[in-house]
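1. sequence and predicted structure are below.
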Amino acid sequence: MLILVAYDVSTVKAAGCRRLRRVAQACEDYGTRVQKSVFECQVGQKEWARLRDRLLTEIKKEEDSLRFYYLDERAATQTEHHGVAKPVDLSEPLIL
C-alpha cells in the first residue's frame, strides 16, 4: 500500500526538536522524503502497523499534528512533480 505521511511537530522546546528527529527517522526507515515533512511510504500491512504505532508513540497529541493519506495505485501513477529533487520510483529496485 502507498501511504503519504505528513507531520508538523512543535519545536518550541528542546523536547520537540528531539521528537521531530525521531518522527523523521521513523519515516525515513520506511519511505522517501518528498517534502520537508512529507514522506511517501510503500509498505505492507505489517510494516504499516509498525510505522503507524511508532509515529503515534513519538508525537504529543496536544502539540503536534500527524496525517496519513492512503493512496491507491491510480493516485501514485497520476502524481505530477515540478522542480528539483526528482521523485524516486518506489516500484523500481533501489541501487545504492
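-> Here it is on my side, so go on.
2. ok, Cys41 to Val34 distance?
-> For Cys41, the distance to Val34 equals 10 Å [CB to CB, to the nearest Å]. The C-beta positions use only the backbone N, C-alpha and C, and glycine is treated the same way.
3. report pLDDT for the residue located most distally from the centre of the chain.
-> Among residues of the chain, the one most distant from the C-alpha centroid is Lys13; the distance is 22.5 Å, by CA atoms, centre = their mean. At Lys13, the pLDDT value in this model is 93.
4. and what of Thr77?
-> 73.
5. before we move on, back to that, who has more neighbours out of Cys41 and Val34?
-> Using other CB atoms under 10 Å as the criterion, Cys41 and Val34 rank with Cys41 on top: 23 against 17.
6. list the contacts of the residue nearest in space to the middle of the chain.
-> The chain has Phe39 as the residue nearest its centroid, 3.1 Å off, counting by CA atoms, centre = their mean. With contact taken as CB atoms under 8 Å, 6 or more residues apart in numbering, Phe39 is in contact with 4-6, 27-28, 30-33.
7. likewise Arg54?
-> Ala26.
8. any idea which element Gln25 lies in?
-> If you go by DSSP states H and E, Gln25 is part of helix 14-30.
9. give the buried residues for stretch 67-81.
-> Leu71 (16 or more other CB atoms under 10 Å).
10. buried only: go through the contacts of Phe39 for me.
-> 4-5, 27, 30-32.
11. can you show me the strands along this structure?
-> Applying DSSP state E to the chain gives strands spanning 2-8, 32-35, 38-42, 65-71.
12. mean pLDDT for these - can I get that in JSON lines?
-> Formatted as JSON lines, these follow (pLDDT from 0 to 100):
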{"stretch": "strand 2-8", "mean pLDDT": "95"}
{"stretch": "strand 32-35", "mean pLDDT": "90"}
{"stretch": "strand 38-42", "mean pLDDT": "93"}
{"stretch": "strand 65-71", "mean pLDDT": "95"}
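13. so what touches stretch 25-32?
-> Taking CB under 8 Å, 6+ apart as the rule, stretch 25-32 contacts 3, 5, 7, 33, 39-43, 47, 51, 54-55, 58, 87-88, 90.
14. thank you kindly, that will do.
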